[in-house]
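Asks: Take a look and give me a structure for this.
(3 chains)
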Amino acid sequence: MKAMLRSVVIGALALALAACATVTSAPQGTFAVGQGYQVNLGREWSDISNIMTGRPKNVRLLSIDGPLLNRLYLTDGLAPGQFLVKPAKRERPTPTYRANMAATELVEFVADSVAALDYQRVETSNLRPTKFVGADGVRFDISAQTAEGLDMAGTASVAEAGGKLYVILYLAPKEHYFAATLPEVEQVMASARRG
Amino acid sequence: MAAPTAISAPAPNSKVLLMQPDVQLSLLTAAGLQEARADWSQQARTNITQAIESELRAKSRPSELLDPTQAMAGREGQLIRLHEAVGQSIMAFNYGVINLPTKKGTFDWTLGEGTNVVREARGADYALFVNGRGSYSSGGRKAMFIGMAALGVGIPLGGQTVFASLVDLRSGRVVWFNMATAGASDDMRTPEGARALVGKLMTGAPL
Amino acid sequence: MTLRRILTAAAAAALLASTAQPALAQAQPKLREAQIRPAVSSVEGGLWDMSDQMENHVKASAEVNKDPQLNAFVKTVLCKVATEYCGEMRLYVLDRPELNASAAPNGYVDVNSGLLLRAATEDELAFVLAHEVTHFARSHTLERYRQTKQTATAGMILGMGLGIATGGGSLVSDLVYLGAIASLMSYNREQEGEADTLGYGRATKAGYAKGAGAAMWSDVIAETRSSDFPKTRNSEARASIFRTHPITAERVAALQAMGGGDTARDVAAEKKYRAVIRPHLAAWLKDDLRRRDYGQSLYVIDRLSKLGEDMGVLEFYRGEAYRQRRSEGDGAKALEAYKRAVASADVPVAAWRELGEAARKAGDKAAARQAFQTYLDRAPQAQDRWIVESSLKTVQES
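Replies: Here you go, the predicted model:
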């Protein structure tokens, strides 16, 4: 019940009540996630960061068809103690990135963060080594469901570089949307570079 | 905003799968509490369904009624849920106050070609989704409205809105979408009112 | 029972007002008639309609636990205490870690795994279900609605909130609709007391242990006091509008005064109940850690450990709690827990991997090597095999 309402709150309020916030264009080409960290976008995306509640300042959020249909999370290097999802209150903490995490803990950090976004039955699969932001990282796939029972698919790359955690996380409904934008996301992940 | 239309009239005899309209109505009490009125919701659901069915009959469009709550399993259920997400996105970005730069100047929404599963299973070419939400003010509420207005304070009096979305089951695209707000003469709790409201809602539908 | 939930500001405003209302005196509790669907045009009919919507929503959730044996067990217990209402109750067991169960006005009942994990015996589960059935039998939701309606000032706020909220489109009215029913199912102090009293009567009449209610609530109080967060630890004294009135020492005392003073648990009953939940124990503990209140999780694990069964699973999740919390000294505690876990036959294979990592962090390369190697031997198909292989390399070089 609580989870359900929270998801309705996030789904509906974020869309309808964050009216004063603006969505900007992230045009095809270089997209600066933060200082000294950029990716290459193969097409225009909408930067929906401002309309998403629970987003830490150093996490950017891009979408093509709106947050219910595709979202691409890009972290500008999380320092130890920071989150991918901001906790709504102290007594309800969200996963925190910590120094010296094992690779399996980094995967757990992302999966638990997705669960903290109120997706249900979050599972990871197909863990594989990847080169990401110039470092050795982990790439893996995600499956989950919304509170309404819509099957979601996802994929993520994580790597630590310069003492910070870089994450690119892509989530979309399994029906049509995930596959439709996956090639573009692969390209964005491959293009991520620091410096 | 005008009803976005992505197609001209479909081929004659294309069958329409009418999803049982989802209608929830309530009473707005003097104090401003929303009191769910199951009787009104039921009446309106029946009235709207009959009004749409008779519109489709008048245009010689065969149709079949499907209760989505009985079709939530498997791929079909996933497509119904996806339509919910797409419909909410349309309301937020085409009818709301937020503009998505990636959707600027277009009406480009789809469920993907997975809809062919429904097309084949149901032998239908289009799926029509309708939902209605709203509240009606009680007499006390109206009195309070007048009283508060005298003090210079405006309070909401309730209102009813209906939405319709037409999906081409071959391409998966939402080919038409519209919204209508009920006026004094189209109270969907009565058959005549529902007919008037549906007439307004279906204006411009390529059916 | 706590129904912890996020409410909209509007629904919360309504609730705030109604909590200030004195409860109606109930000399002789009148129960609703069984198998009666209220008239569709009545206020109660509206509440049923809202509950139907909520039930559809729950039905769609991926968190519904479909294990037929578990469902049959819980349904049997529910029916024993619901008696005349059994036929109109539809049960959903949900894999959700929050301690919660509820019976909606239309007779749909949800039971969270967080409750099943915390009950030590069938008797304790029966007491909580009897408590929820009482809310249903006494139409407490309808009573809450009537109380809310009497408080016009708060209603004004709710109405204004609605006016703003519905400006955005129909999806927001759904939110208000669901939020409203949720707020009505957050019962007041008198209703909770009555549900305890009458629930006690129902459960004991069905033959369940008299002390079960007091035992269960005492545990909930102790768990709350074990929280990592001061605000949660002190919550017994705090009247929050976001949850029902808390389970207090007074409520425990009231149950004890009725004759439920003997809270000693029957070991045979505990073992029998554990056998029922055993297939789900690991998954539910994992879900519980997602609440990230490790003090509370560790309390639950301690309580479960007293029986001396399932120690591989319990020690592994104790280790997981310490590993994830990372407070001072937690690393060493995690290592010890993993060591105890691998000594039990029922240890989850991941314990070897985590033992390896914990030993590596503690600088014990030999132990790490052996643990990683055991993991690789026992989980040849593991998707994280390549990660563990590279971890193993880091403890081999030297």
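Asks: Centre-most residue in the chain?
Replies: Answering for chain A, as no chain was given. By C-alpha atoms, centre = their mean, chain A has its centre lying nearest to residue A:73, at 2.8 Å.
Asks: try chain C instead
Replies: What sits nearest the mean C-alpha location of chain C, by C-alpha atoms, centre = their mean, is residue C:99, with 1.6 Å.
Asks: List the residues that contact the residue nearest to the residue nearest to the centre of chain A when sequence neighbours are not counted.
Replies: Distances taken as C-beta to C-beta, 6 or more residues apart in numbering or on different chains place residue A:169 nearest to residue A:73, at 4.1 Å, with adjacent residues excluded. (C-beta placed from N, C-alpha, C; glycine too.) By C-beta atoms under 8 Å, 6 or more residues apart in numbering or on different chains, the residues touching residue A:169 are A:72, A:73, A:84, A:110, A:113, A:114, A:142, A:154, A:155, A:156.
Asks: of those residues, closest to chain B?
Replies: Distance to chain B, by C-beta to the nearest C-beta, is smallest for residue A:72 among these, at 12.0 Å.
Asks: Any idea how many residues pack against the residue nearest to the closest one when sequence neighbours are not counted?
Replies: In space, and not counting its chain neighbours, residue A:72 is closest to residue A:62: 4.3 Å by C-beta to C-beta, 6+ apart. Number of residues near residue A:62 (other C-beta atoms under 10 Å in any protein chain shown) recorded here: 24.
Asks: buried set for the longest strand along chain A?
Replies: Counting residues, the longest strand found in chain A (DSSP state E) is strand A:120-132. Across strand A:120-132, burial judged by 16 or more other C-beta atoms under 10 Å in any protein chain shown covers A:120, A:122, A:124, A:127, A:130, A:132.
Asks: these two touch, right, the fifth one and residue A:155?
Replies: No: at 10.5 Å, residue A:130 and residue A:155 do not qualify as touching, with contact defined as C-beta atoms under 8 Å.
Asks: what mean pLDDT does the helix or strand harbouring the residue nearest to residue A:73 have?
Replies: Element membership for residue A:169, per DSSP states H and E: strand A:164-173. Across strand A:164-173, the average pLDDT comes to 98.
Asks: Next, the contact list for residue A:136, please.
Replies: A:129, A:130, A:159.
Asks: measure stretch A:140-156 end to end?
Replies: 6 Å (C-alpha to C-alpha, to the nearest Å).
Asks: Then stretch B:103-123?
Replies: Note: stretch B:103-123 ends 32 Å apart using C-alpha to C-alpha.
Asks: can you give me the strands for the chain?
Replies: This is for chain A. Using DSSP E, strands in chain A cover A:24-26, A:29-34, A:37-41, A:45-47, A:59-63, A:71-75, A:120-132, A:135-145, A:151-161, A:164-173, A:193-194.
Asks: my bad, the chain I had in mind was chain C
Replies: Here chain C has its strands, by DSSP E, at C:90-94, C:101-103, C:108-112.
Asks: Which helix or strand lies directly C-terminal to the helix or strand of chain B with the lowest mean pLDDT?
Replies: Within chain B, no helix or strand scores below helix B:139-150, which has a mean of 70 by mean pLDDT, DSSP states H and E. Next helix or strand after helix B:139-150 toward the C-terminus (DSSP H and E): strand B:160-168.
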